[in-house]
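> Here is my input; please provide its structure:
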Amino acid sequence: MGPLTLLVRGIQTVLVTLVLYLGIQTFVAQPFRVEQGSMLDTLREGQYVLIDKLTPGLTGYERGDIVVFRPRALPGDIDDTPYIKRIIGVAGDTVEIRNGGVWVDGARLDEPYVYGDDGTYPVSARVTSWEVPEGALFVLGDHRSDSADSRSERIGLVPVENAIGRAFLRYWPLPALSVLESPTYANER
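Down below sits the predicted model:
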């Protein structure tokens, strides 16, 4: 085998590897670095998670899933850093925040993953209930007192098309390696 053949095979190997890498990252799974503290204690700033981009397109998102999404762009926005939050409401749900808790379709959610004991409160006394339309998600951070989420006008209901994928595996740092399981709520449909 001559040097030219080795060079051509090397280039082919690099190209195939690059195409596979880009294909997997675009359509199947993608790494994501947690940049905020809004998902304490489930996720900490600086941890890495793997995002499943394939199955949400097939099965949709469910309450309890942790989703990475792009916030809606507002005029003058220069930061398009994706957010990571927990899905609380899906299409057809009525989400209400009252008495320090979250209620979906009239049933209070048991949320053992919420960080701290401050409770959950709306950011405005004017808006305490949301109807989640088709094609939207209602999301909250697990660290409710330090989370920009669907309670705010800035984030609001998240269009499903803005979702990048579902976080399913925390893989870095290695001692934090674990599957991110979605809770089962008593009032699941």
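
> rest of the way, CA atoms for contacts and neighbours
Fine.

> Is residue 97 bridged to anything, and to what?
Beta-bridge partners for residue 97, by DSSP bridges, are residue 102.

> now the most centrally placed residue in the chain, nearest residue through space, not along the chain?
Nearest residue to the geometric centre of the chain (CA atoms, centre = their mean): residue 67, 1.6 Å. Leaving out its chain neighbours, the residue that sits closest to residue 67 by CA to CA, 6 or more residues apart in numbering is residue 166, at 4.5 Å.

> tell me what the strand or helix carrying the one you found is packed against?
Using DSSP states H and E, residue 166 maps to strand 163-172. Other elements packing on strand 163-172 under the criterion 3 or more CA pairs under 8 Å, 6 or more residues apart in numbering; DSSP states H and E are strand 48-52, strand 66-69, strand 178-179.

> ok and the lowest-mean-pLDDT helix or strand in the chain relative to strand 163-172, angle-wise?
Least confident helix or strand, the chain: helix 3-27 with a mean of 77, by mean pLDDT, DSSP states H and E. With axes from the mean of the first three to the mean of the last three CA atoms, to 10 degrees applied, the angle from helix 3-27 to strand 163-172 works out at 110 degrees.

> What are the buried residues along stretch 49-57?
Across stretch 49-57, burial judged by 16 or more other CA atoms under 10 Å covers 49, 50, 51, 52, 53, 54, 56.

> Contact partners for the residue nearest to the centre of the chain?
The neighbourhood of residue 67, defined by CA atoms under 8 Å, 6 or more residues apart in numbering, consists of 84, 85, 86, 87, 163, 164, 165, 166, 167.

> Quick check, pLDDT for it.
pLDDT, residue 67: 98.

> How about residue 131?
Confidence score, pLDDT, at residue 131: 98.

> wouldn't it be in contact with residue 90 here?
No: Residue 131 is beyond contact range of residue 90, at 9.3 Å (criterion: CA atoms under 8 Å).
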